[in-house]
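>>> After the sequence you'll find the predicted model.
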Amino acid sequence: MMTLSLLSRTLLPLVACASFVGCGVGGGGGGDTLSEGDLQARAREIHHAAITMDTHIDIGGNYGTPEVDPCVGTNSRVDIPKMLEGDMDVAFLAVYVGQGPRTPEGHEAAKASAMNKFAAIHRVAEEMCPDKVEIAYTPDDVERIHATGKRIISIGIENGYPVGHDLSLVEEYYNLGARYITLTHNGHNDIADSTNPRGGEPEEEHGGLSDFGREVVKEMNRLGIFVDVSHASRKTMMQAIELSEAPIMASHSGVSGIADVSRNLNDEQLLALKENGGVIQIVALGGFLQVDPPGRREAMEAVREELGLADRSSLRSMNEQERAAYMERIQEVMPQYEARMAELDEEYPRATVQTMVDHIDYVVDLIGIDHVGIGTDFDGGGGVPGFNDAREALNLTVELVRRGYNEEEIRKIWGGNLLRAWREVERISAEMQG
């Protein structure tokens, strides 16, 4: 049976012929009915008019320093010049803290790491280039700043580990600008179970949310913080949806109906997300968009080992000094690495921006247009051919137009759905605070 969303995207090209020359009767997508030039022009028009939001971008510990100055350009996938070039309006920067020892000392170190990143974000927006970028704390802020032409930063915390076992820290982080908290990362914490336990951990510790985690979710609802379930176990997510009075989000995830990996959401979770009024933000990380073809992972590991390159988990475990030394050491082998990766891409095709839109299609066809957005995970592993950094954001819009999405639908995907859910989070918070 053809769903309503599929039907509308099939009929849209016929309607479009009324206003574009060169239309023909084609198959099921918009690209068959518009000339490529008209399609590109239409995509640019829609992209520029939309509020384009990416809900998950990682930053390093040296962000907002002379070495990594996002105001003038960096080697990162997202900075202000790249956002301007790609017409990317809003970047949710992730205050990421990797899971460590769940001890008083470990929690204190996690808090210090989080505070360092909060300070860096505020330094960029308030001292380094306030003429170019501003922090948005509310959906109204997003719309107000967007009207000025500045780029927009909002803030999320990736991993509830910096909360430790101190509920008061949730409000402290809110006051610093946190508008979502990803309950877990890789490894269980005191809040909830992760979908990816660390080595030596059981598959489940709490059976989903811990008792403390339930208090954290309630406090997030009270304050107006999105509950983010990317990285959370399926039990954690379903319990969070049952408990939360406000819409939740998955800030950077895919769908297991296309790529059956533990980090992705299955149909049951997506249907629950719809009932909750939440949003899934589709990631741009190839390993979550498609399952690697047989042999690719082994071939990649062989290249890394041959060239002395660390894998992602090893890189994440390095401190800032170790990472800086490592990055300096590998510069001379990077051209060789990139050439070898290009060869592997020919042999084992990677996920692309088209695969991202496959995931968007899947969500729309299952639960409708109102519950999907974009959360790339740039600078945390994200980046696929066609959408490798913020400069290429338009390519996603082009693919959406090619498949027959209309302007209203594309505006929802790029930011409208997230803003709608965010306003509901705020409304629930106001009610709870009386």
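Arrived safely. Every value quoted in this text rests on a predicted model; they were computed, and no experiment measured them.
>>> Quick one: mean pLDDT for the helix ranked longest in the chain?
In the chain, assigned by DSSP state H, the helix with the most residues is helix 104-123. What helix 104-123 shows for mean pLDDT is 98.
>>> in that helix, what counts as buried?
By 16 or more other CB atoms under 10 Å, the buried positions in helix 104-123 come out as 107, 109-111, 113-114, 116-118, 120-122. For glycine as for every other residue, the C-beta is placed from the backbone atoms N, C-alpha and C.
>>> pLDDT weak spots in the protein?
The chain contains residues with pLDDT under 70 at 1-32, 312, 316.
>>> Can you report how many residues lie near Glu320?
Using other CB atoms under 10 Å, the number of residues around Glu320 comes to 12.
>>> Correction: the previous question concerned Arg297.
When neighbours are counted by other CB under 10 Å, Arg297 registers 13.
>>> re the thing from before, for the longest helix of the chain, which outside residues touch it?
59, 61, 63-65, 93, 95-97, 100, 135, 153, 155, 157, 161-162, 164-166, 169, 173, 176-178 (CB atoms under 8 Å, 6 or more residues apart in numbering).
>>> now with 6 Å?
63-64, 93, 95, 97, 100, 161-162, 164, 176 (CB atoms under 6 Å, 6 or more residues apart in numbering).
>>> most neighbours, which of these?
Top of the contacts of helix 104-123 by neighbour count (other CB under 10 Å): Tyr161, with 30 neighbours.
>>> what about that residue, distance to Ala178?
13 Å (CB to CB, to the nearest Å).
>>> Also Gly64?
The value you get for Gly64 to Ala178, if CB to CB is used, is 17 Å.
>>> Can you give the distance of the longest helix of the chain from its chain's centre?
21 Å (CA atoms, centre = their mean, to the nearest Å).
>>> now do stretch 404-415
On CA atoms, centre = their mean, the centre of stretch 404-415 falls 18 Å from the chain's centre.
>>> now the end-to-end length of it.
By CA to CA, to the nearest Å, the extent of stretch 404-415 from end to end equals 18 Å.
>>> Equivalent analysis for stretch 199-216, please.
OK, stretch 199-216 end separation, CA to CA: 26 Å.
>>> Identify all contacting residues around it.
167, 188, 190-193, 235-236, 239.
>>> rerun that using 10 Å as the cut-off
By CB atoms under 10 Å, 6 or more residues apart in numbering, the surrounding residues in contact with stretch 199-216 are 99, 160, 163-167, 169-170, 181, 183-184, 186-195, 197, 217, 225, 227, 232-240, 242-243, 313.
>>> which of the residues in it are buried?
By neighbour count with 16+ other CB under 10 Å, stretch 199-216 contains the buried residues 205-206, 208-210, 212-214, 216.
>>> same question, stretch 291-301
Across stretch 291-301, burial judged by 16+ other CB under 10 Å covers 292, 296, 299-300.
>>> Just the buried ones among the contacts of stretch 199-216, please.
Buried members of the contacts of stretch 199-216, counted by 16+ other CB under 10 Å: 99, 160, 163-164, 169-170, 181, 183-184, 186-195, 197, 217, 225, 227, 232-240, 243.
>>> Where helices are concerned, which of those residues count?
Judged by DSSP H, the buried ones among the contacts of stretch 199-216 include 169-170, 217, 234-240, 243 as members of helices.
>>> all strands of the stretch 301-434 of the chain, in order?
Under the criterion DSSP state E, counting those that start in this stretch, strands of the stretch 301-434 of the chain are mapped to 372-374.
>>> ok, so of the buried residues of stretch 199-216, who is nearest Met318?
Glu205 (26.2 Å; CB to CB).
>>> isn't there a strand covering that closest one?
No. Counting by DSSP: H, G, I helix; E, B strand; the rest coil, one finds Glu205 to be coil, located in no strand.
>>> got the phi/psi numbers for it?
When read as degrees, to the nearest 10, the backbone of Glu205 gives phi -110, psi -50.
>>> Restricting to C-alpha, output the one helix or strand Glu45 maps to in PDB.
Using DSSP states H and E, Glu45 maps to helix 36-49. The C-alpha trace of helix 36-49 is given here as PDB (Å, rounded to 0.1, in the frame of the first residue of the first chain):
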ATOM      1  CA  GLU A  36      18.900  19.800 -13.000                       C
ATOM      2  CA  GLY A  37      19.400  23.600 -13.100                       C
ATOM      3  CA  ASP A  38      15.800  24.200 -12.000                       C
ATOM      4  CA  LEU A  39      16.100  21.600  -9.200                       C
ATOM      5  CA  GLN A  40      19.300  23.200  -7.900                       C
ATOM      6  CA  ALA A  41      17.800  26.700  -8.000                       C
ATOM      7  CA  ARG A  42      14.700  25.500  -6.200                       C
ATOM      8  CA  ALA A  43      16.800  23.800  -3.500                       C
ATOM      9  CA  ARG A  44      18.900  26.900  -3.000                       C
ATOM     10  CA  GLU A  45      15.800  29.000  -2.500                       C
ATOM     11  CA  ILE A  46      14.200  26.600   0.000                       C
ATOM     12  CA  HIS A  47      17.500  26.100   1.800                       C
ATOM     13  CA  HIS A  48      18.200  29.800   2.300                       C
ATOM     14  CA  ALA A  49      14.600  30.400   3.500                       C
END
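>>> other SSEs contacting that helix?
Secondary-structure packing of helix 36-49 (3 or more CB pairs under 10 Å, 6 or more residues apart in numbering; DSSP states H and E): helix 4-16, helix 393-402, helix 407-411.
>>> mind listing what's buried in that helix?
By neighbour count on 16+ other CB under 10 Å, the buried set for helix 36-49 is 38-40, 42-43, 46-47.
>>> what's the burial count for Glu399?
The burial count for Glu399: 24, using other CB under 10 Å.
>>> State the distance from it to Leu285.
17 Å.
>>> gap between Glu346 and Pro385?
Per CB to CB, Glu346 is found 12 Å from Pro385.
>>> what do you get for Gln239?
Going from Gln239 to Pro385 by CB to CB gives 37 Å.
>>> Please apply the same query to Val333.
Val333 sits 22 Å away from Pro385, going by CB to CB.
>>> Tell me how this protein divides into domains.
Residue ranges for the domains of the chain, per automatic domain parsing: 51-290+353-433, 291-349.
>>> most packed of those domains?
Ranked by mean neighbour count, these are led by domain 51-290+353-433 with a mean of 21 (mean count of other CB atoms under 10 Å).
>>> Go ahead and measure how far it is from the middle of the chain.
Put simply, domain 51-290+353-433 sits 5 Å off its chain's centre (CA atoms, centre = their mean).
>>> Quick check: end-to-end length of it?
With CA to CA, one end of domain 51-290+353-433 sits 30 Å from the other.
>>> Please convert the buried residues of stretch 199-216 to a markdown table, extending it with distance to Ala393.
Formatted as a markdown table, the buried residues of stretch 199-216 follow (distance: CB to CB, whole Å):
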| residue | distance to Ala393 |
| --- | --- |
| Glu205 | 39 |
| His206 | 38 |
| Gly208 | 35 |
| Leu209 | 35 |
| Ser210 | 38 |
| Phe212 | 38 |
| Gly213 | 35 |
| Arg214 | 37 |
| Val216 | 33 |
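>>> Good, we can wrap up now.
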